[in-house]
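**Student:** The following block contains a protein sequence and its predicted model.
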2 protein chains.
Amino acid sequence: FGAQPPAANDPMWGYFTAIAGQDGEIDAEELQRCLTQAGFTGSYNPFSLETCRIMIGMLDRDFTGKMGFNEFKELFTALNGWKQNFMMFDRDRSGTVEPHEMTQALSSMGYRISPQALNAIVKRYSKGGRIFFDDYVACCVKLRALTENFRRRDVMQQGSVTFQYDDFILCTIAV
Amino acid sequence: FGAQPPAANDPMWGYFTAIAGQDGEIDAEELQRCLTQAGFTGSYNPFSLETCRIMIGMLDRDFTGKMGFNEFKELFTALNGWKQNFMMFDRDRSGTVEPHEMTQALSSMGYRISPQALNAIVKRYSKGGRIFFDDYVACCVKLRALTENFRRRDVMQQGSVTFQYDDFILCTIAV
Ligand SMILES: [Ca+2]
Ligand SMILES: [Ca+2]
Ligand SMILES: [Ca+2]
């Protein structure tokens, strides 16, 4: 409880500090550079700066606009899961998935979304009727962050939350 | 009630139909092209496609991903207001406003936002400690859409709304 192993023993620590630079934290530009240099997206287009900002926004619970070491590791785990998931549905390696595949992908991640909300998601994240990897990840990040913010307030797990206006803005504006 | 004047009498109608093309509606790419060609952003950088998609998302209440004529006019009115507002705070015409000016700008638009939410907004929409016009508009669009979605559900105007999970996702994922 609260006793984290020293990060210096972690094989990813050196990598993290090299990317983070002097301030010891990773901002959106540093994240974009690191994911591009690591070839994370493979044959897919590199992540846009916008998507990198959304990724940081998802984990940045203290609103510094940057990521520490633990957040960085959490993000990598999530990114690897989304990439595997995307490649499972992008069978022809075109770099895109179709709207109906998006529906399957989200439900395979355990999200239970109504057809109306799914329609809104597809319209928002598709280009020319297809969903590219970058937008797919942006959507996954956003859905995860919104769902986490909702669940954290839904302490009785009733599937409903009463929001004050300011708290509603606080937990939706940055994601 | 419900009797709108025929759009054909509106001086903007010809302009709208030329941009909209065969499907009679404006999508994000058409909007970006039109705002760039019209020189709307002036000496500021043109809007990114991402910001154009957010603009459409704000007004796209039937989730088609496109704008009809009335939405197009509504967007132009809002954009002009935000541009004037931005220029009022960007006194040196650097194309950016400072975080404390952002606070003033939002409260001049009538938003009452807590310091914590303001901090989240600034972190999310600034680059190198400054807020560019494109991100400023993205923020205004998002704040307006979230506030409208909230108010529409706050029928008793009590400043609080009880959301079911699915409705929460529906009114936050596309903005
Ligand atoms: Ca750094
Ligand atoms: Ca494909
Ligand atoms: Ca069109």
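**Tutor:** Yep, that arrived. Numbering: from 1, shown residues only, chains lettered A, B, ... in the order given. Ligands and ions are numbered 1, 2, ... in the order given.

**Student:** do the lowest-mean-pLDDT helix or strand in chain A and ligand 1 meet at all?
**Tutor:** Across the helices and strands of chain A, mean pLDDT, DSSP states H and E gives its lowest value to helix A:49-59, namely a mean of 84. No - using Cβ under 5 Å from the ion, helix A:49-59 never reaches ligand 1; the gap is at least 11.0 Å. Where you see a C-beta, it was placed from the backbone N, CA and C, and this is true even at glycine.

**Student:** okay, the angle between that helix and helix B:49-59?
**Tutor:** Helix A:49-59 and helix B:49-59 are oriented at 60 degrees to each other (axes from the mean of the first three to the mean of the last three Cα atoms, to 10 degrees).

**Student:** buried set for helix A:49-59?
**Tutor:** A:50-59 (16 or more other Cβ atoms under 10 Å in any protein chain shown).

**Student:** Of these, which is the nearest to residue B:92?
**Tutor:** residue A:53 (25.5 Å; Cβ to Cβ).

**Student:** hang on, residue A:161 in a strand?
**Tutor:** Yes - per DSSP: H, G, I helix; E, B strand; the rest coil, residue A:161 lies within a strand segment.

**Student:** can you pull the pLDDT of it?
**Tutor:** You'll see residue A:161 listed with a pLDDT of 97.

**Student:** Which residue, neighbours along the chain excluded, lies closest to it?
**Tutor:** Counting by Cβ to Cβ, 6 or more residues apart in numbering or on different chains, residue A:161 lies nearest to residue A:153, which is 4.5 Å off, once chain neighbours are set aside.

**Student:** per-residue pLDDT, the most centrally placed residue in chain A?
**Tutor:** The centroid of chain A falls nearest to residue A:141 when counting by Cα atoms, centre = their mean (2.7 Å). On pLDDT, residue A:141 comes in at 91.

**Student:** which ones are touching it?
**Tutor:** For residue A:141, the contacting residues are A:51, A:54-55, A:57-58, A:78, A:175, by Cβ atoms under 8 Å, 6 or more residues apart in numbering or on different chains.

**Student:** what's the spacing between it and residue A:125?
**Tutor:** Separation of residue A:141 from residue A:125 (Cβ to Cβ, to the nearest Å): 11 Å.

**Student:** What of residue A:153?
**Tutor:** Applying Cβ to Cβ, the value for residue A:153 to residue A:125 is 25 Å.

**Student:** the more surrounded of these two?
**Tutor:** Taking other Cβ atoms under 10 Å in any protein chain shown, residue A:153 and residue A:125 do not tie; residue A:125 has more neighbours (24 against 15).

**Student:** The more buried one and ligand 1, how far apart?
**Tutor:** Distance, residue A:125 to ligand 1, using Cβ to the ion, to the nearest Å: 29 Å.

**Student:** Also residue A:108?
**Tutor:** 35 Å.

**Student:** Assess the claim that that residue and residue A:85 are in contact.
**Tutor:** Yes - using Cβ atoms under 8 Å, residue A:108 makes contact with residue A:85 at a distance of 6.7 Å.

**Student:** neighbour count winner among these two?
**Tutor:** In this view residue A:108 and residue A:85 are compared by other Cβ under 10 Å, and residue A:85 has more residues nearby, 18 against 11.

**Student:** Which helix or which strand is home to the more buried one?
**Tutor:** Assigned by DSSP states H and E, residue A:85 falls within helix A:69-89.

**Student:** tell me what that helix is packed against?
**Tutor:** In terms of contacts (3 or more Cβ pairs under 8 Å, 6 or more residues apart in numbering or on different chains; DSSP states H and E), helix A:69-89 is packed against helix A:13-20, helix A:49-59, helix A:99-108, helix A:133-153.

**Student:** could I get that helix in CSV with only the CA atoms?
**Tutor:** The C-alpha trace of helix A:69-89 is given here as CSV (Å, rounded to 0.1, in the frame of the first residue of the first chain):
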residue,chain,number,x,y,z
PHE,A,69,6.7,7.7,-15.0
ASN,A,70,3.8,5.7,-13.8
GLU,A,71,1.4,7.4,-16.2
PHE,A,72,3.8,6.8,-19.0
LYS,A,73,3.9,3.1,-18.3
GLU,A,74,0.1,3.0,-18.0
LEU,A,75,-0.2,4.7,-21.4
PHE,A,76,2.1,2.2,-23.0
THR,A,77,0.1,-0.7,-21.7
ALA,A,78,-3.2,0.9,-23.0
LEU,A,79,-1.6,1.7,-26.4
ASN,A,80,-0.4,-1.8,-26.9
GLY,A,81,-3.8,-3.2,-26.2
TRP,A,82,-5.5,-0.7,-28.6
LYS,A,83,-3.0,-1.5,-31.3
GLN,A,84,-3.5,-5.2,-31.0
ASN,A,85,-7.3,-4.7,-31.1
PHE,A,86,-7.1,-2.4,-34.1
MET,A,87,-4.9,-4.9,-36.1
MET,A,88,-7.3,-7.7,-35.3
PHE,A,89,-10.1,-5.8,-37.1
